[in-house]
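Chemist: Here is my input, please return the structure:
(chains A and B)
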Amino acid sequence: MTFYSILFEKENIQKEAAKQPDFFSDLNLDQVIDAIAARKKDYNLKPFFYNHLRDAETIYYRHEVMRDLEDKVLMACINAFAERMIIVQRYMRMVEKLDSHHHKQGWILEAVLLYCEAITNFAHELEKINITSRGLIAFHEYVTTYVHAHTFQALQKEAQKVKHELSSVKYCVIIQEGRFSVRRYEGETDYSIEVEQTFEKFKQGAVKNYLVDLYKGAGMNHIEAKILEFVALLYPKPFAALDQFCAVHSRFMDETILVFNREIQFYVAYLEFIAEIKYKGLNFCYPQIGVNREVYDYDGFDLALANALIYTEKPVIRNDFYLNNPERIIVVSGPNQGGKTTFARTFGQLHYLASLGCPVPGREARLFLFDQIFTHFEKEEDIHNLRGKLEDDVARTHDILVRATPDSILIMNEIFASTTLKDAVFLSKEIMAKIMELDLLCVWVTFMDELASLSEKTISMVSTVVPENPAMRAFRIIRKPADGLAYALSLAEKHRLTYEQIKERIQS
Amino acid sequence: MKVFLMHPNRDFDPKQKLPFNEDALTQDLELNTLFNAMAQGDEFLFDVAKQSVLSSLDSPDAIRYRQEILRDCLKNPAIVREIYSIPIESIENKHRHWMGIFSKYPSSILNGAVEMLEMFVVLLKKLKRIADEHAQEFESPGFRRFFAMIQQELDDEYFAVVENHLKVLKFRNGVLISAELGNGNEGTNYILRKTNYDNQNWVKRILARKSQAYSYSLPPRDEAGAQALENLRSRGLNLVANAVAQSADHIDSFLNNLRLELAFYIGCLNLSEQLAQLGGPIAFPQPAPSDERRHSFTSLYDVALALTMKQKVVGNDVNADGKDLVIITGANQGGKSTFLRSIGLAQLMTQCGMFVPAKSFSASLIKGLFTHYKREEDTSMQSGKFDEELGRMSVIVDHITQDSMILFNESFAATNEREGSEIARQIVMALLEERAKVFYVTHLYELAYGFHAKQLDNAIFLRADRKSDGLRTYKLIEGEPLQTSYAVDAYNKIFRLNEHEKDI
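Modeler: The predicted structure follows:
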């Protein structure tokens, strides 16, 4: 099996998108992806999340890799490799900026040593792990061959030899006012130890540590560079060997491994991210994905919200949904602040994440392999936009409907709020008819109950209240006819203004 | 080098946690009067007195170790005070010359530390001289060990070595630092090396040898270079500066420990001098193991009262050997509270290794001292007075162990006599069965009489004495509880006076 990429099985490798899709901020996917990518800044992972897949086969290819990576041992071994590779790359970036010849070469040598160690260990560790995914099996074969090849072996041995010789160099610096000398070390004793021993007898238990933290990052000033220059004159042989080594091995990193090192982080970052969410008792699952429009997800939730609540005691509300043929459109109504928007976002997020080949929020799911996602969330009024708000809404909706195909997903959130109810119902019905005609999957959040039962293609879901305390919303969205009463009733009860309450109060 | 004057094998811990009831003990036993007498206005002495009196020793041997040292102190007060002045001088020197190790740079740390060490050497020499001159006048194992250590560790040869280091550590001729090539060929593992030459001009000699060397002089205006060179020097000096500074700290804390461990004895000297002025006797107590029941003394007086009144006060003779329960009843103003306080004070003084205010005193050690006194007012207004008393008792019960001692002073009288007696009886019985030692001053006749009627072998009953004319002697005598506390005396004293006036 030839190894192409851990993200794509064959040579169907996508170009990386630079820009996040338009619907990201409406669905709060920008928050999710930012949070995922933030933990892996070195890799520029965001572009991986900006392109969704259109073929189920690649999605399943990724599922396999994800499942393999749920093995903690494999994950630890990937992480160990990645950490070393980050340092290797930092060294190489640093080398670019250095002036002193011996200094530069010294860091190239460190980079080579660490690179060899990283890959040798990685290949060795992978040996012990039971890998089942096509992607990782192919990569393992690749890296094993690479490590055993003569080129790599020679590189490692030679680097170690040069390093060994340099480490044996020991020299002395004599520092005086405005002047210093460098010569070989000739066995002079450690004076600190002698001083310590002299005063040993006074030891009274713990005292303060007076060691000054003189840590400085890698780098040399011109005095240190001068000293190194002198040291190289005192010990010409090891430095000559270093010169020779660097001349031969200027390009030592393998491109395929470098690419793998970055791409595998797509999985690592996502799995690490959801691991924290799982601590809150929330489930993720690998969805079935395909052209079946009978989608469902049980115990799904808004991943952005879950992430925001991660360090709080607040529970994350889970919701179920399912669509049976010919149902296509979920009309969500009910009290405000009842989790309607969250539900709509969840629907979009689930589909998008599934299309990346990622496990999605929920216990069990079947999701649709869409071509595009469109969202229409209410936007702030824009002063530069000469059209009025209503007109703007209509224009945006039109724009979406022109571009949408039957394979698209559409999420509408409280549009047409800036007109009379009558007008809004009229417009909505018109647009709903077009959506039904397209036969695409749609979630429509609205305050208009009328939309919930327009045809057999629509189903009604309603945000609910807690029965014992109607003023407190439960944020759960359930499938039931829209009655438009729940919220108003709960408020009335709270103010003791229901029919029974008012009668009771008057009678007493 | 350890001072070890408070314990035979460990340092005195000035931060040792005091008993949870230190405030109650301090209040009920008037401990601050004792501490003030020991401190004579010196805050440090006060703190050490408080700390040592309240952290009781738990074995007769540990107590005798201090008692013997204290005997030496009482015999040689001037020499002991002279030794005590050495750490004081160190503190004064530091204040006067702004000495200390404050800097963030190794070279200044080194300079500060060397300066301190030079000052310490002078003081240590003084300590050595005292040891040489007076060691034979001391007999206690504690002082003998201390002086022997000083003489052995701080001989002339040692001072010569130290003084040589202090000279070298100024590095007038530059420093020799070894290094290795670390990652990226950057210098690492900087270690200050001792030159193989003793004399001043070692640099010239090193560089004059045949071995290859390369030198570089900084151009005059290369300030960055000078700074870089100084940083490198800092790296070299870092370890040695740390070693020297820590050594200085160690000697500093040796002197501080000396001050700390002598402070207790200085406090005892101060106290003994005041008691001697009042003509109050002192005696070294005989400590007995805590599982025995010994408590007998002659002329035991309340040291707090004596110090407050600035006069000799009446002492009591009691033999309560073999007793677990001592019930004290009798006349108001008859010296019951004073007696109870003298019991508590003597116990604490015994257990910190001090003398006691008595002609003779022997007692078994206890594992904890508790006081349960009637409190004047319930300041919190949260709970009734009786409730409050029970609350405090409950906290004591949380902490009490076998072989503890508890002093009750008119406890549980904040209700009617029958209820108070019954509750107190149940509490006392439970405590006795758990092998606690109980002293109970009470007006609760039912309580006192009830215990008396039991004819317990391990109980003794004391009564505040009253002559038939109602005059108090302030002495306690052994005797069964009486049903009156002679309040009538007090009543009469006031009212008769008024009647007398009326008659006129």
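
Chemist: going forward, measure contacts between C-alpha atoms and count neighbours the same way
Modeler: Noted.

Chemist: pLDDT on stretch A:105-118, on average?
Modeler: pLDDT averaged over stretch A:105-118 equals 96, rounded to a whole number.

Chemist: what's it in contact with?
Modeler: Residues lying outside stretch A:105-118 but in contact with it, judged by CA atoms under 8 Å, 6 or more residues apart in numbering or on different chains, are A:80-81, A:84-85, A:87-89, A:91-92, A:95, A:152, A:156, A:159-160, A:163, A:242-243, A:246, A:252-253, B:183-185.

Chemist: From those residues, keep the buried residues only.
Modeler: Those of those that meet the buried threshold are A:81, A:84-85, A:88-89, A:91-92, A:95, A:152, A:156, A:159-160, A:163, A:242-243, A:246, A:252-253, B:183-185, by 16 or more other CA atoms under 10 Å in any protein chain shown.

Chemist: in the chain, which spans are strands?
Modeler: Because you didn't say which chain, this covers chain A. A:170-176, A:179-184, A:284-285, A:288-290, A:296-300, A:319-322, A:329-333, A:360-361, A:364-368, A:373-377, A:409-413, A:441-445, A:458-466, A:469-479 (DSSP state E).

Chemist: hm, I was asking about chain B
Modeler: In chain order, chain B shows strands spanning B:175-181, B:187-192, B:213-217, B:286-288, B:295-300, B:316-319, B:325-330, B:360-364, B:369-373, B:405-409, B:437-441, B:459-466, B:472-478, with DSSP E as the criterion.

Chemist: who's in contact with the residue in the stretch 401-504 of chain B that chain A sits nearest to?
Modeler: Of the residues in the stretch 401-504 of chain B, the one nearest chain A is residue B:401, at a distance of 32.7 Å by CA to the nearest CA. Residues in contact with residue B:401 (CA under 8 Å, 6+ apart) are B:367, B:368, B:434, B:436.

Chemist: Would you mind measuring from the second one to chain A?
Modeler: This points to residue B:368. Relative to chain A, residue B:368 is positioned 29 Å away (criterion: CA to the nearest CA, to the nearest Å).

Chemist: Need phi/psi at that residue.
Modeler: When read as degrees, to the nearest 10, the backbone of residue B:368 gives phi -170, psi 140.

Chemist: I'd assumed residue B:405 was in contact with it.
Modeler: Yes. Between residue B:368 and residue B:405 there is a contact under CA atoms under 8 Å: 6.2 Å.

Chemist: I am assuming residue B:175 contacts residue B:202, so please confirm or correct that.
Modeler: No. Residue B:175 sits out of contact with residue B:202 when judged by CA under 8 Å, with a separation of 10.1 Å.

Chemist: looking at the strands of chain A, which is closest to residue B:12?
Modeler: strand A:170-176 (45.2 Å; CA to CA).

Chemist: Run through who's touching the closest one.
Modeler: Contacts with strand A:170-176, where a contact means CA under 8 Å, 6+ apart, come from A:180-185, A:231, B:173-181, B:203, B:229, B:233.

Chemist: Any of these buried? List them.
Modeler: For the contacts of strand A:170-176, a neighbour count by 16+ other CA under 10 Å gives the buried set as A:180-185, A:231, B:173-181, B:203, B:229, B:233.

Chemist: Now do residue B:231 against residue B:24, distance only.
Modeler: Computed as CA to CA, to the nearest Å, the residue B:231 to residue B:24 distance reads 57 Å.

Chemist: Give me the neighbour count for the residue of the stretch 251-400 of chain B found nearest chain A.
Modeler: Closest to chain A within the stretch 251-400 of chain B is residue B:251: 5.6 Å, counting by CA to the nearest CA. Residue B:251 is flanked by 24 other residues according to other CA atoms under 10 Å in any protein chain shown.

Chemist: same thing with residue B:10?
Modeler: Counted with other CA under 10 Å, the burial measure for residue B:10 works out to 11 neighbours.

Chemist: More neighbours: which of residue B:368 and residue B:405?
Modeler: Under the neighbour definition other CA under 10 Å, residue B:368 and residue B:405 were set side by side, and residue B:405 has more, 25 against 19.

Chemist: who's in contact with residue A:276?
Modeler: Neighbour list for residue A:276: residue A:310 [criterion: CA under 8 Å, 6+ apart].

Chemist: What pLDDT does the model give residue B:385?
Modeler: Looking at residue B:385, its pLDDT reads 59.

Chemist: typo on my end, residue B:172
Modeler: According to the per-residue confidence, residue B:172 scores 82 in pLDDT.

Chemist: how close does it get to residue B:166?
Modeler: Per CA to CA, residue B:172 is found 12 Å from residue B:166.

Chemist: Repeat that for residue B:143.
Modeler: Applying CA to CA, the value for residue B:143 to residue B:166 is 30 Å.

Chemist: Of these two, give the one with the bigger neighbour count.
Modeler: The neighbour count for residue B:143 versus residue B:166, taken as other CA under 10 Å, is higher for residue B:143 (23 against 19).

Chemist: For the more buried one, report the pLDDT, please.
Modeler: According to the prediction, residue B:143 has pLDDT 97.

Chemist: ok, it to chain A distance?
Modeler: Counting by CA to the nearest CA, the gap between residue B:143 and chain A amounts to 18 Å.

Chemist: Please look at that residue and residue B:71 and confirm they touch.
Modeler: No. Applying CA under 8 Å, one finds residue B:143 not in contact with residue B:71, separated by 10.8 Å.

Chemist: Overlap in contacts, those two.
Modeler: In contact with both residue B:143 and residue B:71: no residue, using CA under 8 Å, 6+ apart.

Chemist: which intervals of the chain have sub-threshold pLDDT?
Modeler: Looking at chain A here, since you left the chain open. Within chain A, the segments meeting pLDDT under 70 span A:1, A:11-14, A:215-218, A:335-338, A:379-390, A:417-422, A:465-475, A:482-508.

Chemist: Chain B is the one I meant
Modeler: Filtered on pLDDT under 70, chain B yields the residue ranges B:196-201, B:203, B:205-210, B:332, B:376-388, B:414-418, B:468-472, B:483-504.

Chemist: Nearest to the spatial middle of it, which residue is it?
Modeler: The residue at the geometric middle of chain B, judged as the C-alpha nearest the mean C-alpha position with CA atoms, centre = their mean, is residue B:52 (1.9 Å).

Chemist: From chain A, how far off is it?
Modeler: Residue B:52 sits at a distance of 20 Å from chain A (criterion: CA to the nearest CA).

Chemist: ok, for that residue, nearest residue in space, not its chain neighbours?
Modeler: Setting aside the residues directly before and after it, residue B:52 is nearest to residue B:352 in space (CA to CA, 6 or more residues apart in numbering or on different chains), at 6.1 Å.

Chemist: residues near the one you found, how many?
Modeler: 24.

Chemist: Same question for residue A:402.
Modeler: When counting by other CA under 10 Å, one arrives at 9 neighbours for residue A:402.
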